[in-house]
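In: just the structure for this:
(2 chains, ligands or ions: 2)
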Amino acid sequence: MNIITCFKVVPEEQDITIKPNGELSFENAKMTISNYDLNSIEAGAQLIESISGTLIGLSVGALNIDDSKLKKNVLSRGPESLYLLADDNLVNMDTHQTALALKAAVEKIGDYDLILCGEGSADLYAQQVGAQLGELLNVPTINSISKITASEGKVVVERTLEEEVETIELALPAVVSVTSDINLPRIASMKQILAAGKRPSNIWNINEVNLSKPEKTIEVLESKAPPQVDRKQDIIEGDSEEIIQKFIEKISKELK
Amino acid sequence: MNILVFAEKFTALNELCSGARQIGDRVEAVVIGPVEGQDITGADKIWAIPAQSGAMLEDYTETLAALLSKVEPDIMLVQPTKRCKLIAGRLAAMLGASVITDVMELSKNGDAKRMVYGGAAISTEKAATTTAIVMVGPGVLGGATQSNTSNNEAETFNFIEPKIKLIVIRKEQKPKVFVDLPNAKRVVGVGRGFVKAEDLEIAHQLAEVIGGEVGCSRPIAEGEKWMPKETYIGVSGLMLSPEVYFALGISGQVQHMVGINRSKVVIAINKDKNAPIFKQADYGIVGDLYKIVPALTSKLK
Ligand SMILES: Cc1cc2nc3c(=O)[nH]c(=O)nc-3n(C[C@H](O)[C@H](O)[C@H](O)COP(=O)(O)OP(=O)(O)OC[C@H]3O[C@@H](n4cnc5c(N)ncnc54)[C@H](O)[C@@H]3O)c2cc1C
Ligand SMILES: Nc1ncnc2c1ncn2[C@@H]1O[C@H](COP(=O)(O)O)[C@@H](O)[C@H]1O
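Out: Residues are numbered from 1 along each chain as shown, chains lettered A, B, ... in the order given. Ligands and ions are numbered 1, 2, ... in the order given. The predicted structure is shown next:
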C-alpha cells in the first residue's frame, strides 16, 4: 500500500510573541510539525508496519518549510522520503488554497492508495483540508477516524463522532483524516534519527507541479491577540502545613 | 443578505435559523425528510430533500451542492459538527467556496471572528467568494427576536445520487456523559500533573467539598483517556465561565486557558513556579498537588 501523510509546518508556539499593536510576531519562531500531524504520521507508520508498502510525507507552504532539522524530525518517524512544495507564492494559505496545492503535489507524486491528514492544524484548526483534498481528487474522503485497519484494496475505519461511533468500509484510493487520539506518536530512537539523515527529500516549486498561484477564498481583515484578563497573581511557594493554611485563608473568601 | 441554513440536528437548525434572522434579510432552511409539523422559527422557506433509506447525512452532499448553486445564498450557515465539517469541506471543494469554521461572532456584513493559534489570536475573516460557508454553533448568534412560524413556504428539492457511497458496517451509540460543566459554578480542572487515573479521586473529593464539577485538560481526555472527551476544557473543547476555576497540575497553555479565561477567579496548584498558569491565576500555590489537594479538601470540609 502506498501512503502519503500530509503534515503542516507551523511556527513553534513557544516562540510566538505579541507585538505592541496586538498582532502576533513569528520573527523568532522556529518551524515545527503541527502537533496533531504527529498522529497522522504515526498512523501511516503503523499501517506500513502491519502491511507492506511505502510511506511518504508531504507538506506545502512557503520556502521556510524547507528546514533540515524539521525534515529529519519527520523522517525519523517512519516516512521513507519527503515531498515539500515550498514556494513563497504559498504563504499564509487558507484551507482551499492548501487543498489545491496539495492536490497538485499529489498528482505529481502520482501513485497512492491512501492519503492521511491530521485532525486539524495548530494554527488554523479548520479541520477542512482533508475533506477538501479528497473531493478535489475525486476520491472517497472521511474525517474523525480513530482506528484504521487495512486490507487488499480497502480500509475499514472507525469513526468517532459526537454521539456515535461508525465502522465504515472505504474503497481505495481515499483521503482519511484521523483524530488526535488515534495513537501515541513514537519518540524516535537514536537509530531512527540516524537513518532519517540518509532519507531523501524532494523540494518543488509551484511550476514544477504545474500549479498557478491559488486565489484566496478568505480575506483576513485583522488578526490580534485578545486582551489579557487581569489576574491578581497572588502566588505563594511551598507545601508545608503553614503555607497550605495560608493559601486556604487566601482562597476561602472566594469560596464562601 | 440571503442565508441558507443546514444542520445535523433539528433543534440546532431551528436555533440557527432564529440566529440567522438577526443578520439576514431572508433565511431558508434545508430539511431532510418530511416537513410536516416541522415549523422552523425564523425561516422564510424550507427546502425539503426527500429522505433516502439507508443514506448517511454525507450522502446528501451532491444534493446540497446543487441546491447551493440554485439558491446562491450569500452565506450558508452550517452547524459545526464533525459530519457537517466533512460535508462543508466537500461542498467548498465542489463549488470553489470558502469555509470559515467555528465562528464565534458573525456580523451583519458577513465579517466572521474565529480563534487561530489555539486562541492566541482572534482573526476577523471575510469570504472572498460569492458564497461563504460559515460554521457556527447554535447559541452564538443569539435567540429569536421575532417569529414568523407555521407559515414558512416549503419546496421539495430532488435528491441527487452521490457519486461515491461509503459502506457503514456498524453504528453504535456512545454512552452519554452526565456532567453539566457549562452550568457549574465551580469547576476543578485536572491536568497531566496527575500520574494515574485513580489519583483523580482527590480532585473529585475537592469538587464535592466545594460543590463543583470536574473537568480536564485535553491530554487527560485524549492521550490518557482517563476522562470522557466531553469533559475537556479549551479552544477545541468546552468554553466555561464559572465563578471559581481550580487548575490542578495544568501548565496553562493558551489552548486550555481560552476555555477558562472568563472565570471570575482562577486558582492554580502547580509544582513548577514558572508554569504559565501562574501568570493567569488570581491565587496560586507552588507545590505538589498530591500534598496540597487532600489538605485543602480536609480543611474546607
Ligand atoms: C490544535 C490544538 C488544540 C488544542 N486544544 C486544547 C484544548 O481545547 N484544551 C486543552 O486543555 N488543551 C488543548 N490542546 C493541548 C495544549 O496545547 C496542551 O498540550 C495541554 O493543554 C496541556 O495539558 P496539561 O496542562 O494537562 O499538561 P502539561 O502541559 O504536561 O502540564 C502538566 C503540569 O503539571 C505540573 N505538575 C506535574 N506534577 C505535578 C505535581 N505533582 N503537583 C503539581 N503540579 C504538577 C507540571 O509542572 C506541568 O505544569 C490543544 C493543542 C492543539 C495543538
Ligand atoms: N500546508 C499543509 N501541508 C500539508 N498538509 C496540510 C497543510 N495544511 C493542512 N494540512 C493537513 O490537513 C489537516 C487539517 O488542517 P486544517 O484544515 O488547516 O485544520 C492537517 O492536520 C494536515 O494533515
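
In: per-residue pLDDT, B:Ser147?
Out: According to the prediction, B:Ser147 has pLDDT 55.

In: residues contacting the nearest residue to B:Lys108 once chain neighbours are set aside?
Out: Nearest non-adjacent residue to B:Lys108, counting by Cβ to Cβ, 6 or more residues apart in numbering or on different chains: B:Ile23, 4.9 Å away. For every residue, glycine as well, the C-beta is placed using N, CA and C. B:Ile23 makes contacts with B:1, B:3, B:106-108, B:141, as judged by Cβ atoms under 8 Å, 6 or more residues apart in numbering or on different chains.

In: in whichever strand or helix holds A:Leu100, which residues are buried?
Out: Assigned by DSSP states H and E, A:Leu100 falls within helix A:95-109. For helix A:95-109, a neighbour-count test (16 or more other Cβ atoms under 10 Å in any protein chain shown) marks A:95-106, A:109 as buried.

In: please apply the same query to stretch B:29-37.
Out: For stretch B:29-37, the neighbour count (16+ other Cβ under 10 Å) marks B:29-32, B:35 as buried.

In: among the residues you listed, which are in strands?
Out: Within these, residues falling in strands by DSSP state E are B:29-32.

In: ok, back up a step: adding distance to ligand 2, write the contacts of B:Ile23 out as TSV.
Out: Below are these laid out as TSV (distance: Cβ to the nearest ligand atom, whole Å):
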residue	distance to ligand 2
B:Met1	26
B:Ile3	24
B:Leu106	20
B:Ser107	24
B:Lys108	27
B:Leu141	23
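
In: may I ask which of the residues you listed has the most neighbours?
Out: Most neighbours among the contacts of B:Ile23, by other Cβ atoms under 10 Å in any protein chain shown: B:Ile3, with 28 neighbours.

In: near ligand 1, which residues of the stretch 51-200 of chain A?
Out: Counting by Cβ under 6 Å from any ligand atom, the residues of the stretch 51-200 of chain A close to ligand 1 are A:120, A:122, A:125.

In: and those residues near ligand 2, which?
Out: Counting by Cβ under 6 Å from any ligand atom, A:120, A:125 from these sit close to ligand 2.

In: could you report the neighbour count for the closest residue to A:Thr95 other than its chain neighbours?
Out: The shortest distance from A:Thr95 to any non-neighbouring residue, by Cβ to Cβ, 6+ apart, is to A:Gln128 (3.9 Å). Neighbourhood size, A:Gln128 [other Cβ under 10 Å]: 32.

In: how about B:Met257?
Out: The tally of other residues near B:Met257 (other Cβ under 10 Å) stands at 26.

In: does it really touch B:Met115, like I thought?
Out: No. With contact defined as Cβ atoms under 8 Å, B:Met257 does not reach B:Met115; the gap is 11.7 Å.

In: ok, now how distant is the closest residue to ligand 1 within the stretch 201-301 of chain B from B:Arg90?
Out: Proximity of the stretch 201-301 of chain B to ligand 1 (Cβ to the nearest ligand atom) peaks at B:Gly234, 2.2 Å away. Distance of B:Gly234 to B:Arg90, computed by Cβ to Cβ, to the nearest Å: 28 Å.

In: quick one on the thing from earlier: from the buried residues of stretch B:29-37, which one has the minimum pLDDT?
Out: The member of those with the lowest pLDDT is B:Val35, at 80.

In: sorry, back to before: quick one: pLDDT of the residue nearest to B:Lys108?
Out: 91.

In: with B:Ala247 instead?
Out: pLDDT, B:Ala247: 98.

In: for it, give me its contacts.
Out: Counting by Cβ under 8 Å, 6+ apart, B:Ala247 touches B:189, B:191, B:260, B:266-270, B:277, B:281.

In: so where does the residue of chain A found nearest ligand 1 fall, helix or strand?
Out: The nearest approach of chain A to ligand 1 comes at A:Asn35, 3.7 Å away (Cβ to the nearest ligand atom). Assigned by DSSP H and E, A:Asn35 falls within no helix or strand.

In: can you report how many residues lie near the closest residue to it other than its chain neighbours?
Out: Closest residue to A:Asn35 apart from its sequence neighbours, by Cβ to Cβ, 6+ apart: A:Ala122 at 5.1 Å. Neighbourhood size, A:Ala122 [other Cβ under 10 Å]: 21.

In: quick one: classify A:Ala122 as helix, strand or coil.
Out: coil (DSSP: H, G, I helix; E, B strand; the rest coil).

In: cool, B:Leu200 as well?
Out: Assignment for B:Leu200 (three-state DSSP): helix.

In: report pLDDT for it.
Out: Value for B:Leu200, per-residue pLDDT: 98.
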